[in-house]
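[1] below: sequence and its predicted model.
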Amino acid sequence: MSVIEKVPPMSAGEPAKALWISTVAFTLCFAVWTIFAIIGVRIKQELNLSETEFGLLVGTPVLTGSLVRIVLGIWTGRYGGRLVYTLTMLAAAVATFLLSYAHTYTQMLIAGLGVGLAGGSFAVGVAYVSPFFPAEKQGTALGIFGAGNVGAAVTKFAAPFVLLAWGWQAVAEIWAVCLALMAIVFWFTTSDDPAFRLRRERGTASKSLAQEFAPLQNVQVWRFSLYYFFAFGGFVALSLWLPRYLVGVYGFNLETAGMVAAAYSIPGSIFRAFGGVLSDKKGARSVMYTMFAVSAVATLILSLPTATITPVIFIVVIFVLGFFMSLGKAAVFKHIPAYYPENVGAVGGVVGMMGGLGGFILPIAFGLLKDMTGLWSSCFLLLFAIVAISLIWMHLSVKQLSRQGHSTPVAAT
């Protein structure tokens, strides 16, 4: 039973208000989180970084945003999403502003760790938003919230022009101010989530860490994590890597590469909401099968030598890949409140962490593969291998459940 069914009636517009304000806040957080996708290219030129060093730079915020999700998810359950969300945005805004004063590669990596706090907002938002909605609508609600990934497109559209006009430091400062203002708006326009209010009214003691993490003994959680490692981690990695790829392979200038990468990010973000609706109506399992099948074909095509792939073909295929990744992202998180309604913060934090780690590890791996092999397309061969492993593991698990005759709370595994 959803938490929303256990608490006193809320005002008619309260769930929608919480959802949409949280989504706007997450959009700005994601814009900050992916800021190095654009300013990192200029920093690479200024500091003469290798491809591996560039991959580490763009991945550092993703590392923080991934690891901190577990802590923020648990804190959301204990202190409420309204407080934790606000403080997370303020902390990320301060770190992003200070980034503009970094001059060395080491200083930028340290600042990047602070910028990454913005990415942790996802775990807060999932735990905050889901209690406002009954189980049959949570897939749609979380899909809409997750569409805040479009913040990556905001950065890719706007940041190149700000960078060219005033420098990359101005991008960091403007993005920081916008995020700080959003934190203030969020605090004064939202209310505590129903789950937190229920615990506060009943005086329920907070769970111990052992209770919070008990579901992690289930291998199913780690299978979901692998799915999200590709669907979300792969999306973030490509969002960060695509401008550099387009400049290096096809000779695009930074503005054009940023625009194309932004156009990739938009369907890969907005259609996450559609993926949530499909998961509610058709079942998350069907959505996952489709996502993996199409992604396997797309990544295999993109793994071909770059000389055989024209810019038009590349852009079409990458757009298709981004669209189906967005469906998969929503399908994975349809499972969390359904299977683990009492541990959404911890389980969602772990799954989100693994997805975020994908966004950190993969850009570094892309850079390493490029440095080692000299092949730009090697990054897509790596993604194909992850897709293949995920699809095989999911199919074997589905077969096993079918033989055992197990029922599931959602049409998924």
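    Happy to help now that I have it. Residues are numbered from 1 along each chain as shown.
[2] okay, CA-based contacts and neighbour counts for the rest of this
    Fine.
[3] my read: Arg244 touches Val41, true?
    Yes: Arg244 lies in contact with Val41 (CA atoms under 8 Å); the separation is 7.1 Å.
[4] of the two, which one has the most company?
    Neighbours around Arg244 and Val41, counted as other CA atoms under 10 Å, are more numerous at Arg244. The numbers are 26 against 20.
[5] so what's the residue count around Thr306?
    When neighbours are counted by other CA under 10 Å, Thr306 comes out with 16.
[6] now do Arg403
    9.
[7] so which strand or helix has it?
    helix 378-404 (DSSP states H and E).
[8] run the chain-centre distance for that helix.
    21 Å (CA atoms, centre = their mean, to the nearest Å).
[9] with stretch 356-370 instead?
    Here stretch 356-370 is found 15 Å from its chain centre; the criterion is CA atoms, centre = their mean.
[10] mind starting the numbering at 431 from now?
    Understood, numbering begins at 431; the last thing we discussed is stretch 786-800.
[11] what does it rub up against?
    Contacts to stretch 786-800, defined as CA atoms under 8 Å, 6 or more residues apart in numbering, come from residues 481-486, 488-493, 495-497, 659-660, 662-668, 670-671, 805-806, 808-809.
[12] then that stretch to PDB, C-alphas only?
    Taking C-alpha atoms only, stretch 786-800 is exported to PDB below (Å, rounded to 0.1, in the frame of the first residue of the first chain):
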ATOM      1  CA  GLY A 786      25.700   7.500 -11.600                       C
ATOM      2  CA  LEU A 787      28.900   5.500 -11.300                       C
ATOM      3  CA  GLY A 788      28.200   4.400 -14.900                       C
ATOM      4  CA  GLY A 789      28.300   8.100 -15.800                       C
ATOM      5  CA  PHE A 790      31.600   8.400 -14.000                       C
ATOM      6  CA  ILE A 791      33.300   5.200 -15.000                       C
ATOM      7  CA  LEU A 792      32.200   5.200 -18.700                       C
ATOM      8  CA  PRO A 793      33.700   8.600 -19.800                       C
ATOM      9  CA  ILE A 794      37.000   7.600 -18.200                       C
ATOM     10  CA  ALA A 795      36.800   4.200 -20.000                       C
ATOM     11  CA  PHE A 796      36.000   5.900 -23.200                       C
ATOM     12  CA  GLY A 797      39.100   8.100 -22.900                       C
ATOM     13  CA  LEU A 798      41.300   5.100 -22.000                       C
ATOM     14  CA  LEU A 799      40.000   3.000 -24.900                       C
ATOM     15  CA  LYS A 800      40.600   5.900 -27.300                       C
END
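[13] which ones are touching the residue nearest the centre of the chain?
    By CA atoms, centre = their mean, the chain has its centre lying nearest to Phe662, at 5.2 Å. By CA under 8 Å, 6+ apart, the contact set of Phe662 is 755-756, 759, 785-786, 788-789.
[14] try it again at 6 Å.
    When contacts are counted by CA atoms under 6 Å, 6 or more residues apart in numbering, Phe662 touches 759, 785.
[15] same check on Ile540?
    Ile540 touches nothing, counting by CA under 6 Å, 6+ apart.
[16] what pLDDT, on average, does the helix or strand containing it get?
    Per DSSP H and E, Ile540 falls inside helix 535-545. Helix 535-545 shows a mean pLDDT of 92.
[17] list the buried residues for that helix?
    The neighbour-count criterion (16 or more other CA atoms under 10 Å) identifies 535, 538-545 as the buried residues of helix 535-545.
[18] before we move on, what about stretch 444-461?
    Across stretch 444-461, burial judged by 16+ other CA under 10 Å covers 445, 448-461.
[19] what is the burial count for Thr490?
    Thr490: 28 neighbours (other CA under 10 Å).
[20] follow-up on the earlier one: and which of the buried residues of stretch 444-461 is nearest Leu730?
    Of all the buried residues of stretch 444-461, Leu730 sits closest to Phe460, with 28.4 Å by CA to CA.
[21] return the residues in contact with the closest one.
    Counting by CA under 6 Å, 6+ apart, Phe460 touches 579, 581-582.
[22] does Trp806 sit in a helix, a strand or a coil?
    coil (DSSP: H, G, I helix; E, B strand; the rest coil).
[23] okay, it: pLDDT?
    92.
[24] and it, how far from Ile500?
    As judged by CA to CA, to the nearest Å, Trp806 and Ile500 stand 34 Å apart.
[25] how about the contacts made by Tyr558?
    The neighbours of Tyr558, taking CA under 6 Å, 6+ apart as the test, are 511, 623.
[26] how close does it get to Phe456?
    Remark: distance between Tyr558 and Phe456 (CA to CA) = 12 Å.
[27] same thing with Phe722?
    From Phe722 across to Phe456, the span is 26 Å (CA to CA).
[28] ok, Phe660 next?
    Applying CA to CA, the value for Phe660 to Phe456 is 20 Å.
[29] before we move on, what about Pro561?
    From Pro561 across to Phe456, the span is 17 Å (CA to CA).
[30] packing partners of the helix or strand where Ala703 lies?
    Using DSSP H and E, Ala703 falls within helix 684-712. Other elements packing on helix 684-712 under the criterion 3 or more CA pairs under 6 Å, 6 or more residues apart in numbering; DSSP states H and E are helix 565-576, helix 581-596, helix 663-680, helix 741-769.
[31] from those helices, which stretch is densest packed?
    Mean neighbours per residue, mean count of other CA atoms under 10 Å, is largest over the helices and strands packed on helix 684-712 for helix 565-576, with a mean of 26.
[32] export stretch 472-488 as CSV, just CAs?
    Taking only C-alpha atoms (Å, rounded to 0.1, in the frame of the first residue of the first chain), the coordinates of stretch 472-488 have been written out as CSV:
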residue,chain,number,x,y,z
ARG,A,472,37.7,24.6,-23.1
ILE,A,473,39.6,23.6,-19.9
LYS,A,474,41.1,20.7,-21.9
GLN,A,475,42.4,23.2,-24.4
GLU,A,476,43.8,25.6,-21.8
LEU,A,477,45.5,22.9,-19.7
ASN,A,478,46.5,20.6,-22.6
LEU,A,479,44.8,17.5,-21.1
SER,A,480,45.0,14.0,-22.5
GLU,A,481,41.8,12.2,-23.4
THR,A,482,42.0,10.2,-20.2
GLU,A,483,42.5,13.3,-18.1
PHE,A,484,39.5,14.9,-19.8
GLY,A,485,37.4,11.8,-19.1
LEU,A,486,38.4,12.0,-15.4
LEU,A,487,37.5,15.7,-15.3
VAL,A,488,34.0,15.3,-16.8
